[in-house]
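In: Pasting the sequence and the predicted coordinates here, then a few questions.
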Amino acid sequence: SGDYVTLKSGLFSGLVDADKTKFRDPKNDGILTLEQAQKELLDVDRGILRYPYKMTLDVAHRKGYLLPAHPPMTLPEAVLQGLSKEKGLELRGKVVGVQKGLETGLILDNPCLVYENELVTPSEAIEEGVMDPTSGEFRG
């Protein structure tokens, strides 16, 4: 309809699913549910994160404080949430290699790794031979 609603009313009406979003706690890098974030970081009436400084949720997402709870997600988002395992990434209940995650769209191929002083995507790192396509071990 093009109408704007507050985060609080979106949660109340079911437009926003609290289970699909997590927050990175800037105090200790822990992962918080929406309910936990409301107690410490999040103002649901105004739709802002209050810590480390006041920011809108779109800014919080760009800065890595607002994380998707389910794929697709970036490689750093998956690692921050503890989804990195010895043999790949635990996505949707099973462990898959990084390359398989990229091919199936579960992992977004955004530039997020520094190799030879340049920002590269996970696919580029795999092509260059500096990232293991299964485990995601990066040798840059």
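Out: Sure, I can see it.
In: Tell me where the chain has helices.
Out: Secondary structure of the chain (DSSP state H): helices located at 7-13, 34-40, 57-62, 75-80, 98-103, 122-127.
In: what's the spacing between the fourth one and its chain's center?
Out: How far helix 75-80 lies from its chain's middle: 6 Å, per Cα atoms, centre = their mean, to the nearest Å.
In: helices and strands around that helix, which ones?
Out: strand 66-68, strand 107-108 (3 or more Cβ pairs under 8 Å, 6 or more residues apart in numbering; DSSP states H and E). Bear in mind the C-beta positions are built from the backbone N, C-alpha and C, glycine included.
In: can you do 7 Å?
Out: Packed against helix 75-80 by the contact rule (3 or more Cβ pairs under 7 Å, 6 or more residues apart in numbering; DSSP states H and E) you find strand 66-68.
In: and if you look at the last one?
Out: Contacts defined by 3+ Cβ pairs under 7 Å, 6+ apart place helix 122-127 against helix 98-103, strand 113-115.
In: Any idea which of the ones you listed gets closest to residue 39?
Out: helix 98-103 (32.5 Å; Cβ to Cβ).
In: Now tell me what touches that closest one from outside.
Out: Helix 98-103 is contacted from outside by 88, 89, 91, 107, 109, 122, 123, 126, 131, 133, 134, 136, using Cβ atoms under 7 Å, 6 or more residues apart in numbering.
In: got the buried residues for that helix?
Out: 98, 99, 100, 101, 102 (16 or more other Cβ atoms under 10 Å).
In: domain assignment for this protein?
Out: 7-68, 73-127 (automatic domain parsing).
In: most packed of the ones you listed?
Out: Of all the domains of the chain, domain 73-127 has the most neighbours on average by mean count of other Cβ atoms under 10 Å, namely a mean of 16.
In: Any idea how far it is from the middle of the chain?
Out: 11 Å.
In: repeat for stretch 20-37
Out: Using Cα atoms, centre = their mean, the offset of stretch 20-37 from its chain centre is 11 Å.
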